[in-house]
Every structure is written in C-alpha cells, then in structure tokens.
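Q: Next comes the sequence, and after it the predicted model I'd like to discuss.
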Amino acid sequence: MFFNPIGKVDLTVRIEREIPVGLPSGATPLPIRLVYEGRDITRASIVQVEILNSGSTPIGETEKEGEAKKRWKLDLKNRDGVAVVPLGTARSKPENLKVDVVSGPSPDLVSLEIGLLNPGDSIFLELMLVEPKDGAALPVIAEARIPGLHEPVTGRRNVRERLRDAFLLPMWIVAFSALSVWSMYAYSKRSDKKPGIALAVVSLMVSLFASVALALGSSWLIAWFAANVLSK
C-alpha cells in the first residue's frame, strides 16, 4: 500500500473545479442581487465533483430480480457548516448507473444514493456552496460506510496523480542511491584520484539533479501503467 495507494476497494472523490460567484464589494446600490431561499447573499461557489470507483472491486450489491433495489450512500459534507445545494441532476458513466441526489439531515450535507458501482464507473455532479468561508482546504469531504474501505479519498488529484505522488519519493531514493554509488565507483577507477571538496560537491549535485529527473520520469511511467492496468 505504500508503493500503490490504490487498493482493491478504492473510491476517489475529486474536486474538479471551483467557480466563485460574488457581488463586487463597495459598489452600492447594485442592479443585481444574489438570492438563496428568499434571502440576499453576497457570494457562492459552484463546485464540480467527480466520483470514481478507482479500485478493482465493485462497490454495492448486485440487484436481484424481484427484490427491492439496494443502494449505498455517499455523503458530501462541508466541515465549516456551510450550506451545500445540489445543482441539477447527477450524470454517470455508464449512463444506466443508478444514482439519486438527496438533501441530507442538515444544510451542510448532500447525500448520494448509488446502485452498483463497478470499477471504472464514475459520477459527475455540481454543487453550490452558499456563503463559503475563506481558507477551507476542500469545499466538501466525502464520507461513506463501505466494507473494506477506511474512507473515500477526497482531494483535487486524479488516480494517476495519486499514484505518481506515491511513487515519487521511493523512486528518488532509489535513483539517488544508484547514482551516488555509480559516482563513487567511477571515481575509484580514475587514475588521478585527487580528493577535494569541490569534486565531492559537484558529484553530489549531479547525482541530486539527475536522480530528481529520473524519479519524475519513472514515477510518471509507473503511475500511467498502474492507472491503466493494475487498478482495473
């Protein structure tokens, strides 16, 4: 799990985009108003969210003929108590995926009732935050009770970026160690072994920058392979 953060049961909730909506400050009176449920507001934020089964195991139970439809619930909650309002209807891929968006028990929570979510299936929806607070790391956090999963991964990174970031540090350690050993070996083979701080510093800097480049490239390739093969 250290090298591959994508488990068999894995749910990625990605904040794709945030669009602020607000009135200019200091200009009064204004010819327009922002109104929510009959009261004036000064600003809002439109949040585009993608929900992806990024694991290799279906989430939810298969619906059997003659039985009631079984759904599992995913909550999207604002930690600052800001009101979260669903906009329109959720879209899914594939289109026959069953999903309903319902209001939660409190204004700061929206719930999704989802049918069987197979690996690679995704849901897209838009939310509106009313009078969002400054400094929040994420507009909403996902919560769900899914067997085999501690919690959904909420953030701004897609699956490939999650894998790349997980592989970057291990690959840099390997590349730096290998280049350092190679530098010492190459120096030991020199006929004019002239010790000096300058030579050691140059060798260290070359190993450092080269290892960073190698780690970035190799972690990206491994992440691409894992995202397209291992997580399917």
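A: Noted; the coordinates are in hand. Numbers count the residues shown, from 1 in each chain.
Q: what's the burial count for R164?
A: By the other Cβ atoms under 10 Å criterion, the neighbourhood of R164 contains 21 residues. C-betas here are computed from N, CA, C, even on glycine.
Q: which SSE is it in?
A: In this structure, R164 sits in helix 159-188 according to DSSP states H and E.
Q: Give me the mean pLDDT for that helix.
A: The average of the pLDDT scores along helix 159-188 is 66.
Q: swap in stretch 17-33?
A: If you average the pLDDT values across stretch 17-33, you get 79.
Q: What is the end-to-end distance of that stretch?
A: Taking Cα to Cα, to the nearest Å, the span from the opening residue of stretch 17-33 to its closing residue is 24 Å.
Q: Extract the C-alpha trace of stretch 135-147 and format it as PDB.
A: Provided in PDB are the C-alpha atoms of stretch 135-147 (Å, rounded to 0.1, in the frame of the first residue of the first chain):
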ATOM      1  CA  GLY A 135      -9.200  29.300   3.900                       C
ATOM      2  CA  ALA A 136     -11.000  26.000   3.500                       C
ATOM      3  CA  ALA A 137      -8.800  23.300   2.000                       C
ATOM      4  CA  LEU A 138     -11.600  21.500   0.400                       C
ATOM      5  CA  PRO A 139     -15.200  22.600  -0.300                       C
ATOM      6  CA  VAL A 140     -16.700  19.100   0.700                       C
ATOM      7  CA  ILE A 141     -15.400  15.900   2.200                       C
ATOM      8  CA  ALA A 142     -16.800  12.500   1.300                       C
ATOM      9  CA  GLU A 143     -18.000  10.100   3.900                       C
ATOM     10  CA  ALA A 144     -19.300   6.500   3.400                       C
ATOM     11  CA  ARG A 145     -19.500   3.100   5.100                       C
ATOM     12  CA  ILE A 146     -18.100   0.700   2.500                       C
ATOM     13  CA  PRO A 147     -16.800  -2.700   3.500                       C
END
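Q: what's that stretch in contact with?
A: The set of residues that contact stretch 135-147 without belonging to it, under Cβ atoms under 8 Å, 6 or more residues apart in numbering, is 9, 11, 13, 15, 18, 45, 47, 49, 51, 59, 72-80, 84, 110, 127, 129, 132, 151-152, 154-156.
Q: Which residue is the nearest non-sequential neighbour of D165?
A: R157 (7.1 Å; Cβ to Cβ, 6 or more residues apart in numbering).
Q: Report the secondary structure state of that neighbour.
A: Using DSSP: H, G, I helix; E, B strand; the rest coil, the structure places R157 in coil.
Q: which regions of the protein lie under the pLDDT threshold?
A: Low-confidence segments of the chain, defined by pLDDT under 70, are located at 1-5, 26-28, 62-69, 166-232.
Q: One more pass at 90, please.
A: In the prediction, the chain carries residues with pLDDT under 90 at positions 1-8, 21-42, 55-56, 61-71, 88, 103-104, 134-137, 150, 157-232.
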